[in-house]
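**Q** Turn this into a structure:
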Amino acid sequence: MKLNMILKRSAKTFFVLFLLLFFVNPSFSQVKFPGVVIVESKDPFKERIYSPSIVILPDGSYVVSQDMSKGIGIHKSTDKGLTWKFITKIDIGHWGGLFVHKGMLYVMGTSKSFGDVIIRKSTDGGKTWTESIDENSGVIFKGRYHTAPVPVVVHNGRIWRAYEETLGDDPNRDFYALVISAPVDADLLKASSWTRSNSIRFEEKWVNAKRPNWLEGNIVVTPEGKLIDFMRLETWLGKDQKYELEGAAAGKPRHEVAAVISVADDGKKVSFENKPSEYVLFPGAETKFTIRYDSLSRTYWTAVNKITYFDKKSTETYNGNWHQRNLLALYSSKDLKNWEEKYHIVKWNTGTPLNTWDVFGFQYADWQFEGNDIILVSRTSWYGARYHDANMMTFHRIKNFRNVKLSESPSDLYPLTITKDILTFDLNKAEINGNEVKPSWTEKGIKSAILKVGKGAQLENKGSGRLLLNALRPSKIKTHAIDREQYVDVEVSAVEGYRLNIASIDLKLGKNLEETVKSKWHFSVDGGKTFKEITNYDFPLAQVNDQGTPQSKLYLWGYKELQNIDSNQKLILRMYFFGYNDKQMQFSINDYLKIGGTVTK
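**A** Alright, predicted model coming up:
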């Protein structure tokens, strides 16, 4: 027994080392995603990938879809997912989900973000598609509808799908859940074939949350043969609210509770009475999921984003627990009420608190059974603009899924993304002269490096590795801080013949007042003539003391301008700081500031 455990651990260690050796090449900047990439955006900050969906055609080939700018992209694989080819773009459509019915391929979604319910059909495996022009050609219901690639289910002679709608003239996230259905033998492109139910809003009073909300429901047939709409439920903690859920959902953990809507047999009525029995403990309930039933194992299966770190105090949106889409896990249930964790499909840095600007995520999975396997597509951010704004669609296969073991899950991918420091300011060792700090260590090939402040700030060495930053004309407004040159710069240049590839910024910040202070990073590669923002977010510095707390590391491989910086260029990484009030503004860099990446010839 002990020998088997040692061998398994050794195998996992070898696998991680293999990934590091195979995918991390010091002559290249970015670490490749260790899997099958169906499509990758050319510019992760302008081109995002959303709403993946997958089906298996009768001939055994795979077709997947993705949201594109003003349309839906279609890709195909004829070799079991090893390679993929883009075959067409559907010009109109959003949030589309693929399904096969009576041998024909369909995509169903909305005409646009919060648009009409539409459906299109392909008779040639996805190459060409019908147009949704009117009620006779695929425009099913007009209105402001919302959905995702969720399951289409055939039950009791009808075909079923879940949607949500919003009321009013402006787009909003105040969702009303509903279902639509049609006879299985009907012409699915005709609006007259379809029936819709009433819609139900999740009321704020039902759960103590910032704004409890449901969306992206799954139509599921229960073991008793009844139809339900199994709803993703958002239960974000609000200000001055008790962390434990109250009301009908009491006793179930926040962020891990789904809601169950009953569906009438004729599809004309849905109902929810806010009873305890209508809430289910469901890890992954904060993010879109797909539930399907396997008749061989008589078990329901799903792929979810399991949260692995629970902050029970923060009511901020930037660091909410729901930002953890870094673990895609396989779960199963016999009764839709008790769910068992079976396998980790892909994961990065689990057990760690994450923020909205983190850049790794595996989410919105759609999948199908194929014999003893599950084939799955993920909306994946791998050094994307942020975890939510994916830059890839990736393909995954779970072999022999009915017999998988959690202990045999793939290793965490975090070791692949560990960056090598090329420049370190160890504030316990670095030379500090007035408003400038020299690095304590630099990688070979770096010609010069310095940390210094702008005209609107002043450094004060407090000793013991603490460097106090004072604003000379404090401001709580970012634009004022920029105008007043209230910043810290790290300036770097390379030796002739060498190039800089910047992968990360890692530092420890502290403050000695309770009010929030924020920082904002910019970069310049032309010596300060022009600057660009790093992420769209200002970074709040909260829940720290004057001793300092490590900040969320910024991963920068996705910024092409920060790669291959030659000796004729001068790199400046600039951090503005602002907040508190207009009278007092100071915080500190504690112990270290590190720049990660590579220096290459």
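**Q** Which residues are in contact with Q458?
**A** By CB atoms under 8 Å, 6 or more residues apart in numbering, the contact set of Q458 is N435, L469, N470, L472. C-beta here means a position set from N, CA and C on the backbone, and glycine is covered the same way.
**Q** Are we agreed that it is in a helix?
**A** No: read with DSSP: H, G, I helix; E, B strand; the rest coil, Q458 is strand and lies in no helix.
**Q** quick one on the thing from earlier: for the contacts of Q458, which one is nearest D591?
**A** Proximity of the contacts of Q458 to D591 (CB to CB) peaks at L469, which lies at 14.3 Å.
**Q** So which of the contacts of Q458 are in strands?
**A** Of the contacts of Q458, the ones assigned to strands by DSSP state E are L469, N470.
**Q** Which of the contacts of Q458 are buried? Put it as a PyMOL command.
**A** Selection of the buried residues among these in PyMOL, burial being defined by 16 or more other CB atoms under 10 Å:
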select buried, resi 469+470
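**Q** residue boundaries of the helices in this protein?
**A** Secondary structure of the chain, counting by DSSP state H: helices at 2-23, 414-417, 478-483.
**Q** List the residues that contact A385.
**A** P44, F45, R48, V359, N391, T535, N536, G558 are the contacts of A385 under CB under 8 Å, 6+ apart.
**Q** The last one contacts Y387, doesn't it?
**A** So the one you mean is G558. No: using CB atoms under 8 Å, G558 is not in contact with Y387; the gap is 11.8 Å.
**Q** what about the stretch 501-601 of the chain, any weak spots by pLDDT?
**A** Applying pLDDT under 70 to the stretch 501-601 of the chain picks out residues 512-514, 542-547, 580-585.
**Q** from the contacts of Q458, which is closest to S53?
**A** Looking across the contacts of Q458 and measuring by CB to CB, the closest to S53 is L469, at 48.7 Å.
**Q** I'd like to know how far the closest one sits from L459.
**A** Computed as CB to CB, to the nearest Å, the L469 to L459 distance reads 7 Å.
**Q** What of D483?
**A** 20 Å.
**Q** So for those two, which residue has more residues nearby?
**A** L459 (21 against 12; other CB atoms under 10 Å).
**Q** Relative to the lengthiest strand in the chain, what are the paired strands and their orientations?
**A** Secondary structure of the chain per DSSP E: the longest strand is strand 586-600. Applying DSSP bridges, strand 586-600 is found paired with strand 421-426 (antiparallel), strand 466-471 (antiparallel), strand 499-510 (antiparallel).
**Q** Using PDB, write out the CA atom coordinates for the second one.
**A** So the one you mean is strand 466-471. This file holds the C-alpha atoms of strand 466-471, laid out as PDB (Å, rounded to 0.1, in the frame of the first residue of the first chain):
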ATOM      1  CA  ARG A 466       9.600  49.300   5.000                       C
ATOM      2  CA  LEU A 467       9.600  52.100   2.400                       C
ATOM      3  CA  LEU A 468       7.000  54.700   3.100                       C
ATOM      4  CA  LEU A 469       5.400  56.500   0.200                       C
ATOM      5  CA  ASN A 470       4.100  60.000   1.000                       C
ATOM      6  CA  ALA A 471       1.900  62.000  -1.400                       C
END
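**Q** quick one: it to chain centroid distance?
**A** Its chain's average C-alpha position is 34 Å from that of strand 466-471, according to CA atoms, centre = their mean, to the nearest Å.
**Q** Equivalent analysis for the longest one, please.
**A** Shown here is strand 499-510, whose average C-alpha point lies 22 Å from the average C-alpha point of the whole chain (CA atoms, centre = their mean).
**Q** Just the CA trace of that strand, in CSV.
**A** Taking Å, rounded to 0.1, in the frame of the first residue of the first chain, the C-alpha atoms of strand 499-510 are listed here in CSV:
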residue,chain,number,x,y,z
ARG,A,499,15.9,41.4,-24.8
LEU,A,500,13.5,41.7,-21.9
ASN,A,501,10.4,39.6,-21.6
ILE,A,502,8.2,40.8,-18.7
ALA,A,503,6.0,38.1,-17.1
SER,A,504,4.9,39.4,-13.7
ILE,A,505,5.0,42.1,-11.0
ASP,A,506,5.0,40.9,-7.4
LEU,A,507,5.2,43.1,-4.3
LYS,A,508,4.1,43.5,-0.8
LEU,A,509,2.2,46.6,0.3
GLY,A,510,1.2,48.0,3.6
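**Q** Could you pull out the buried residues of it?
**A** R499, L500, N501, I502, A503, S504, I505, D506, L507, K508, L509, G510.
**Q** So the fifth one versus G445, what's the distance?
**A** Translated: A503. For A503, the distance to G445 - CB to CB - is 15 Å.
**Q** N319 now?
**A** 36 Å.
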